[in-house]
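**Q** Dropping a prediction and its sequence here:
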Amino acid sequence: MSSGAEERLELLVKVARLAYDHGLSQGEIAALIGTSRSTVSRMLRDARERGIVTIIIRDPTERAEQLSRALKEKYGLKEAIVVPAELEAEKAVRPLLAQAVVEFLPKVVRDNDIVGVSWGRTMGEIARRLRPISRQGISVVQMNGGLNRADLPGYPNHVIGQFAQAFGASAYVLPVPAIVRMQALRRELESDPTTKTVLDLARSASVALYSIGIIGTESVLVQSGYVQLHELQKLELRGAVGDIGGRYFDIRGQICDRELDSRTIGIELAELKQKRYAIAVAGGVEKRRAIRGGLMGGYLNTLVTDQFTALELVKADRYEPA
């Protein structure tokens, strides 16, 4: 290579570094090396043509689509919505998941559907973001007993009200606790005509929307007083990884405390398997084992999660729980 060609190559590398490593504009580079802006533009184009500069475009949605297909294939899901995210924490991904649900719901809710919803932080975030959805004859029904404290996030009346308003729907609130102290009391409450009507509607829902809770003191069920600390410790000892509607399961998706489950008011986990869409919305590093347990139990046919969680779920062995 001649000295002139070498000098030209060195200059192209210098210009490329100034542009792409240091972020200088073409005008700034031109002033620095004593030439015109149009010359710098030609030099950058020459650098690309020679392979000195290569441009790689990474589309995060493409990766998300690949993970979505892998989740559907691995766990037999009807739908898997994977949201690109920058952070892995549940608190960080919750707004992203909520927005994805808001965009997804109009695609699956039909006229005259009964839509069953739960409550909690994630559901509250979804409810806050809802916009009017034009459907006829919709009923929105609470699927599990509610909170006893209106100051906690995702209060049921607020969630149900926002969903009903968005769909122009009739709203059915379940006016009972999530968990009671005695099985006999649960049976008595469920036999009340008002409660029975709401539960029957929830069981008939064709679309169910809920999040997956975790085991820990930050759980809304613990903070509300429904689950005492000694009960939480017992659940942990029995291998509980999460809950759906107050019903706790292990990594294989098996109910891990039958006595506690017998005091829980709401539809059974097995009933979620009958829904046209059983949509679980959950993500973040804190919830990965809980989501895995829900998948292994078959309690969802649609998952809305983040890319980091999706990757871990895809990597996990299908038949050997993590």
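**A** In hand now; what should we look at? Numbering: from 1, shown residues only.
**Q** and the end-to-end length of stretch 257-266?
**A** Start and end residues of stretch 257-266 are separated by 16 Å (CA to CA, to the nearest Å).
**Q** how about it: buried residues?
**A** Neighbour counts over stretch 257-266 (16 or more other CB atoms under 10 Å) mark Asp257, Leu260, Asp261, Arg263, Thr264, Ile265, Gly266 as buried. (Each C-beta comes from the backbone N, C-alpha and C, glycine too.)
**Q** List just the nearest of the residues you listed to Ala166.
**A** Nearest to Ala166 among the buried residues of stretch 257-266, counting by CB to CB, is Gly266 at 22.3 Å.
**Q** Out of the buried residues of stretch 257-266, name the ones that lie in helices.
**A** Cross-referencing the buried residues of stretch 257-266 against helices under DSSP state H gives Leu260, Asp261.
**Q** Go through the buried residues of stretch 257-266 and name the one nearest Ser134.
**A** The closest of the buried residues of stretch 257-266, once distances to Ser134 are taken by CB to CB, is Gly266, at 29.5 Å.
**Q** which residues does the closest one bridge with?
**A** Using DSSP bridges, the bridge partners assigned to Gly266 are Asn144.
**Q** For it, report the pLDDT, please.
**A** We note a pLDDT of 96 for Gly266 in this prediction.
**Q** ok, now which ones touch it?
**A** Gly266 sits next to Met143, Asn144, Gly145, Leu174, Ala178, Leu199, Ala202, Gly245, Gly246, Arg247 when contact means CB atoms under 8 Å, 6 or more residues apart in numbering.
**Q** any residues touching the host helix or strand of Ala70, and which ones?
**A** Using DSSP states H and E, Ala70 maps to helix 60-75. Contact with helix 60-75 is made by 77-84, 295, 303, 307, 310-311, 313-314, 318, as judged by CB under 8 Å, 6+ apart.
**Q** again, only using 6 Å
**A** With contacts defined as CB atoms under 6 Å, 6 or more residues apart in numbering, helix 60-75 is touched by Leu77, Ala80, Val82, Pro84, Leu295, Gln307, Ala310, Val314, Arg318.
**Q** And those residues, which two are furthest apart?
**A** Spanning the widest gap among the contacts of helix 60-75 are Pro84 and Arg318, at 24.6 Å by CB to CB.
**Q** just checking, which of the contacts of helix 60-75 belong to strands?
**A** Applying DSSP state E to the contacts of helix 60-75, the entries found in strands are Ala80, Val82.
**Q** okay, the contacts of helix 60-75 in CSV with neighbour count and distance to Tyr226 next?
**A** As requested, the contacts of helix 60-75 are exported to CSV (neighbours: other CB atoms under 10 Å; distance: CB to CB, whole Å):
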residue, neighbour count, distance to Tyr226
Leu77, 18, 30
Ala80, 25, 31
Val82, 29, 32
Pro84, 16, 35
Leu295, 22, 25
Gln307, 23, 33
Ala310, 26, 30
Val314, 19, 34
Arg318, 10, 33
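**Q** So which of the contacts of helix 60-75 is the closest to Ala270?
**A** Closest to Ala270, out of all of the contacts of helix 60-75 and judged by CB to CB, is Leu295, at 15.0 Å.
**Q** distance of that closest one from His230?
**A** 29 Å (CB to CB, to the nearest Å).
**Q** before we move on, what about Thr122?
**A** Using CB to CB, Thr122 is found at 27 Å from His230.
**Q** One more: Leu185?
**A** Computed as CB to CB, the Leu185 to His230 distance reads 20 Å.
**Q** Gly27 now?
**A** 70 Å.
**Q** Which one of these two is surrounded by more residues?
**A** In this view Gly27 and His230 are compared by other CB atoms under 10 Å, and Gly27 has more residues nearby, 11 against 8.
**Q** The more buried one in helix, strand or coil?
**A** helix (DSSP: H, G, I helix; E, B strand; the rest coil).
**Q** Next, count neighbours for the spatially closest residue to it that is not a sequence neighbour.
**A** In this structure, Gly27 finds its nearest non-sequential neighbour in Arg37, 5.2 Å apart by CB to CB, 6 or more residues apart in numbering. For Arg37, the count of nearby residues is 14 (other CB under 10 Å).
**Q** per-residue pLDDT, Arg37?
**A** 89.
**Q** With Ala322 instead?
**A** 47.
**Q** likewise Gly137?
**A** 97.
**Q** Next, work out how far apart it and Ala169 are.
**A** Note on Gly137: its distance to Ala169, by CB to CB, is 8 Å.
**Q** More neighbours: these two, which one.
**A** Ala169 (22 against 13).
**Q** pretty sure that one is in contact with Ile138, am I right?
**A** Yes - under the contact definition of CB atoms under 6 Å, Ala169 touches Ile138, with a separation of 3.8 Å.
**Q** in the stretch 201-322 of the chain, which segments are predicted with low confidence?
**A** Residues of the stretch 201-322 of the chain meeting the criterion pLDDT under 70: 318-322.
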